[in-house]
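Novice: just need the structure, nothing else, for what follows:
(chains A and B)
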Amino acid sequence: MAGPTSAKGGSLMKESWNMVVTYVTAAILVFVLTFHLLLHSPLAGKAFDATLSFGYATGDLTYYQVIFGFLLFAAVIHGFNGIRAMAIEWLHPTKRAWLLNGIVFVLMAFFLAVGTVTLIVVG
Amino acid sequence: MKRDQRFKSGIISSLIPVGFNLERWSYTVHRITGVVLVGYLMAHIFETFQLGAGSTAWANTMAALHSLGPLELVGLWIVAGSALYHGGNGIRLILNEAFGRFMGKPILPVYPYSPTSLGKNQKIAVWTITAVVLALWVWAGVYLLAGVGVI
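Specialist: A predicted model of the protein is given here:
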């Protein structure tokens, strides 16, 4: 079976590749987001408010830095790609698809940068 | 129909799927919860950024959030529900679209064209996910809003 081919016509990525990215990031999120939620759940053995303390929060980011890195990248890519897909379905930007793709790409890069800086500084 | 009217109609029907089947309702809820989660994700990244600025900045951020009163926890409960539904339904969609589960066997298109992909298995999957998500959401609500359930 042939896989998704490369993009043509100036777009960043062919839509079939976008679906692959969506599924892969979704599968990653199922595991890492569940882990993140469990750290703030009753299973953590603390009241919810106690899991928001500076020590607990920085401890999480320090001990599980790689997992939170996966969470950050998967969530940002999956989330903004989803918004892009909805915008395409609603707005049909046939002539200005490049503008929509550009805005989404810049937003992704911005939030990934902010999140990565946090992980590096705290971790 | 004019171009703009047609687009408006599409947006409205995709957000209010009254008269459509179960799959369409799940599609709409999946999208709405997705938008809620992206909104929270952006705020959460900025919130977590304050950890890097030190304990005082973090305490100030928490104080600002706590000043919202019960709205803070109700908001988090809505986000938790959105994450649960989006995740649960997302697993169904991956099994459905990437692995062909719950689709039913292909048949010849005979009037009234009932698609096998929206058959019994698909309905069972949607309702099972909805039930599990509701149960977990109630559990999250009891934990978040009443502080009960710490193990």
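
Novice: ok, how many other residues are close to the single nearest residue of chain B relative to chain A?
Specialist: Going by C-beta to the nearest C-beta, chain A is nearest to B:G52 of chain B, at 3.6 Å. In this view, the C-beta of every residue, glycine as well, is placed from N, C-alpha and C. By other C-beta atoms under 10 Å in any protein chain shown, the residues close to B:G52 number 18.

Novice: one more: A:L72?
Specialist: 21.

Novice: on that earlier part again, could you find the closest non-adjacent residue to the residue of chain B closest to chain A?
Specialist: Distances taken as C-beta to C-beta, 6 or more residues apart in numbering or on different chains put A:V121 closest to B:G52, at 3.6 Å, once the chain neighbours are dropped.

Novice: wait, that neighbour sits on B:Q50?
Specialist: No: contact criterion C-beta atoms under 8 Å: A:V121 and B:Q50 do not qualify, at 10.8 Å.

Novice: sorry, back to before: quickly find the element holding the residue nearest to B:G52.
Specialist: helix A:97-122 (DSSP states H and E).

Novice: same check, this time on B:Y85
Specialist: With DSSP H and E as the test, B:Y85 turns up in helix B:70-93.

Novice: could you list the buried residues of that helix?
Specialist: By neighbour count on 16 or more other C-beta atoms under 10 Å in any protein chain shown, the buried set for helix B:70-93 is B:73, B:75-77, B:79-90, B:92-93.

Novice: CA atoms only for it - export them in CSV, please.
Specialist: Provided in CSV are the C-alpha atoms of helix B:70-93 (Å, rounded to 0.1, in the frame of the first residue of the first chain):
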residue,chain,number,x,y,z
PRO,B,70,-16.0,28.5,42.2
LEU,B,71,-15.7,29.4,38.5
GLU,B,72,-12.1,28.2,38.5
LEU,B,73,-13.1,24.6,39.5
VAL,B,74,-16.2,24.6,37.4
GLY,B,75,-14.1,25.7,34.4
LEU,B,76,-11.6,22.9,35.2
TRP,B,77,-14.5,20.4,35.4
ILE,B,78,-15.7,21.5,32.0
VAL,B,79,-12.1,21.1,30.6
ALA,B,80,-11.9,17.6,32.3
GLY,B,81,-15.2,16.6,30.7
SER,B,82,-14.0,17.9,27.3
ALA,B,83,-10.7,16.0,27.6
LEU,B,84,-12.5,12.8,28.6
TYR,B,85,-15.0,12.9,25.8
HIS,B,86,-12.5,14.1,23.1
GLY,B,87,-10.1,11.3,24.2
GLY,B,88,-12.7,8.6,24.4
ASN,B,89,-14.3,9.4,21.2
GLY,B,90,-10.9,9.9,19.6
ILE,B,91,-10.0,6.3,20.5
ARG,B,92,-13.2,5.2,18.8
LEU,B,93,-12.4,7.3,15.7
